[in-house]
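> got a predicted model here, sequence first, then my questions.
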Amino acid sequence: MTTEGSYFSSFLSLFVLLLLHLGCFFFSYSSSDDPPPPIKRRKISPFFPTLPVPSDPRTKKSLSIRSYLSRLLSFRKPNTENQEQHRRSPIELISLSPDGRADGQARLYAADHHSLSYRDEIYPCPECGEVLSKPQLLDLHHAAKHSFSELRDADSGYNIVRIIFRSGWIGESSLVVRRILKIHNTARTLARYEEYRDAVRSRAGRYAARNGGGGDGRCIADGNERLRFYCTTILCSREAERRGGAAPAGACGSPYCCACAIVRHGFAGKHADLDGIATYSTSWGAHASLPEDLEREFAFLGARRAMLVCRVVAGRVAHGHGEAAEEEEKGAGFDSVVPNGGGGAVGEDELLVYSPRAVLPCFVVIYTA
């Protein structure tokens with residue numbers, strides 16, 4: 001009986017061990033059927049150092065007989081997608097991530113850097129603050145919107161210009177001053193005028209040094225600057241009067257408005273280079289220089305006479321073309337010429353300058369006579 005009891009106890013212990021092994025197989029199989037928990041991706045920023053990604057402890061299980069037999073008997077296809085996700089490096093995750101903040105920030109930095117390189121190439125208008133990209137556009141903007149300002153009766157400048165304009169007029173009873181406009185020249189126009197005056201002064205100084213100190217002292221001092229008159233026509237002022245409004249603040253773009261064309265572009269052209277720019281010492285002389293036929297020809301457009309009060313750098317003045325030719329042979333250059341007039345008020349006070357930079361218009365007097 002004792003032997004049978006020992007056999008039975010050994011058999012029972014073997015049976016219990018077998019059940020334990022079978023239980024291990026079943027539990028490992030059921031645990032392998034459960035889907036793996038989702039992998040939480042961390043957002044990686046290119047501005048911070050990357051942290052080590054914690055690996056799944058299930059991938060570090062040691063190989064044993066149970067795991068080998070469970071994989072062999074389960075006949076399941078391994079999950080390659082999870083393995084690929086674990087094998088990807090942080091750089092690949094950044095490139096494959098749909099979040100494009102890094103690329104967007106790079107673009108913003110590049111755009112800001114690009115704008116900083118061109119920040120010095122903008123030209124704001126000092127009057128209204130409008131920003132322009134080129135100095136030529138700034139000059140056109142200034143001429144079209146800020147070139148004129150009307151002087152009123154209460155202004156001291158109005159009375160001074162009016163007295164100067166009427167002082168040299170013959171037959172004052174027929175003269176009616178409609179408006180007086182002050183011209184606001186651009187900084188480039190003023191700079192060109194000052195450069196030309198400095199060049200005239202330096203030439204006069206060199207000429208005086210070559211001739212033992214003899215020369216025109218006024219020409220050396222200020223370039224022999226004079227106040228002269230130039231008569232032309234204007235259109236936009238009468239249109240403003242018809243509407244009942246104030247004088248225009250800028251020069252119009254009409255090709256028939258000569259006064260606005262001079263304010264916009266100066267006296268440049270073939271007429272200035274070949275025939276010279278004729279200015280006069282009195283308003284009457286400038287008025288008589290403009291033919292009445294020209295005024296009647298453009299009467300249907302509403303043209304009206306306008307007198308430009310200008311600063312003129314006369315420099316060294318030659319009286320007559322013959323004297324200029326003789327002095328030119330001796331090596332003395334002249335900056336302006338007083339032509340040989342045939343008598344009368346028109347020819348006596350005429351002065352010809354051949355550089356557009358020598359004339360700077362300052363006021364526009366709109367009048368009828």
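Nice, thanks for sending it over.

> can you list the domains in this protein?
When the chain is parsed into structural domains using automatic domain parsing, the resulting residue ranges are 114-146, 150-368.

> which one of the ones you listed is the most hemmed in?
For those, the largest average neighbour count (mean count of other C-beta atoms under 10 Å) is found in domain 150-368, namely a mean of 17. To be clear about C-beta, it is placed using only N, CA and C from the backbone, and glycine gets the same treatment.

> quote the end-to-end distance of it.
As for domain 150-368, its first-to-last residue distance stands at 17 Å under the measure C-alpha to C-alpha, to the nearest Å.

> likewise for stretch 179-192?
First-to-last distance for stretch 179-192 - C-alpha to C-alpha - comes to 28 Å.

> stretch 121-134 too?
By C-alpha to C-alpha, the extent of stretch 121-134 from end to end equals 8 Å.

> out of the domains of the chain, nearest to residue 16?
domain 114-146 (80.4 Å; C-beta to C-beta).

> which stretches of the stretch 151-300 of the chain aren't confidently modelled?
Of all residues in the stretch 151-300 of the chain, those with pLDDT under 70 make up the ranges 172-173, 213-215, 237-248, 269-274.

> that one: strands as residue ranges?
Taking DSSP state E, counting those that start in this stretch, the strands of the stretch 151-300 of the chain run over residues 176-183, 225-234, 277-280.

> so can I have CSV of those showing distance to residue 289?
Below are these laid out as CSV (distance: least, C-beta to C-beta, whole Å):
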stretch, distance to residue 289
strand 176-183, 19
strand 225-234, 6
strand 277-280, 6
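
> hang on, the earlier thing: could the domains of the chain be laid out in TSV, adding distance to residue 16?
Rendered in TSV, the data for the domains of the chain read as follows (distance: least, C-beta to C-beta, whole Å):
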stretch	distance to residue 16
domain 114-146	80
domain 150-368	107
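
> residue 334: what's its closest spatial neighbour, skipping adjacent residues?
Among residues not flanking residue 334 along the chain, residue 318 sits closest, at 4.0 Å (C-beta to C-beta, 6 or more residues apart in numbering).

> from residue 302, how far off is the residue nearest to residue 261 when sequence neighbours are not counted?
Closest residue to residue 261 apart from its sequence neighbours, by C-beta to C-beta, 6+ apart: residue 255 at 7.1 Å. Shown here: residue 255 relative to residue 302, a distance of 15 Å by C-beta to C-beta, to the nearest Å.

> residue 152 now?
In this view, residue 152 and residue 302 are 24 Å apart by C-beta to C-beta.

> kindly report the same for residue 292.
Here the distance between residue 292 and residue 302 works out to 16 Å (C-beta to C-beta).

> what does residue 262 give?
If you measure residue 262 against residue 302 using C-beta to C-beta, the figure is 18 Å.

> just residue 18 next, same as before
For residue 18, the distance to residue 302 (C-beta to C-beta) stands at 122 Å.

> tell me who's in contact with the closest residue to residue 260 other than its chain neighbours.
When the adjacent residues along the chain are set aside, residue 260 lies closest to residue 251, with 3.7 Å between them (C-beta to C-beta, 6+ apart). Contacts for residue 251 were tallied using C-beta atoms under 8 Å, 6 or more residues apart in numbering; they are 143, 144, 147, 148, 236, 257, 259, 260, 261, 263, 264.

> hang on, residue 339 packs against residue 349?
No: Residue 339 is beyond contact range of residue 349, at 11.0 Å (criterion: C-beta atoms under 8 Å).

> quick check: neighbours shared by these two?
What both residue 339 and residue 349 touch, as defined by C-beta under 8 Å, 6+ apart, is an empty set.

> from what I can see residue 131 touches residue 138, true?
No: checked against C-beta under 8 Å, the pair residue 131 and residue 138 is beyond contact range at 9.3 Å.

> which residues do these two both contact?
Listed contacts common to residue 131 and residue 138 are 123, 125; contacts here mean C-beta under 8 Å, 6+ apart.

> show me what stretch 139-147 is in contact with.
Identification of contacts with stretch 139-147 by C-beta under 8 Å, 6+ apart yields 125, 127-128, 130, 132, 183-186, 188-189, 249-251, 253, 263-264.

> take those and keep only those in helices.
Among those, DSSP state H puts 188, 189, 263, 264 in helices.

> with distance to residue 162 added, can I get those residues in CSV?
CSV is the format used below for the ones in helices among the contacts of stretch 139-147 (distance: C-beta to C-beta, whole Å):
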residue, distance to residue 162
188, 30
189, 25
263, 20
264, 25
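
> residue contacts, the nearest residue to residue 134 once chain neighbours are set aside?
Nearest in space to residue 134, with sequence neighbours left out and distances taken as C-beta to C-beta, 6+ apart, is residue 123 at 6.9 Å. Going by C-beta under 8 Å, 6+ apart, residue 123 touches 131, 132, 133, 134, 135, 137, 138.

> is residue 123 bridged to anything, and to what?
Here residue 123 sits in beta bridges with residue 132, going by DSSP bridges.

> for residue 133, see how far away it is.
7 Å.

> cool, and residue 276?
Between residue 276 and residue 133 the distance is 36 Å, computed by C-beta to C-beta.

> can you check residue 316 too?
Between residue 316 and residue 133 the distance, using C-beta to C-beta, works out to 42 Å.

> likewise residue 199?
Spatial separation of residue 199 from residue 133 under the definition C-beta to C-beta is 31 Å.

> before we move on, the earlier item: relative to residue 219, which of the contacts of residue 123 is nearest.
Compare each of the contacts of residue 123 with residue 219 using C-beta to C-beta and the shortest gap goes to residue 135, at 31.5 Å.
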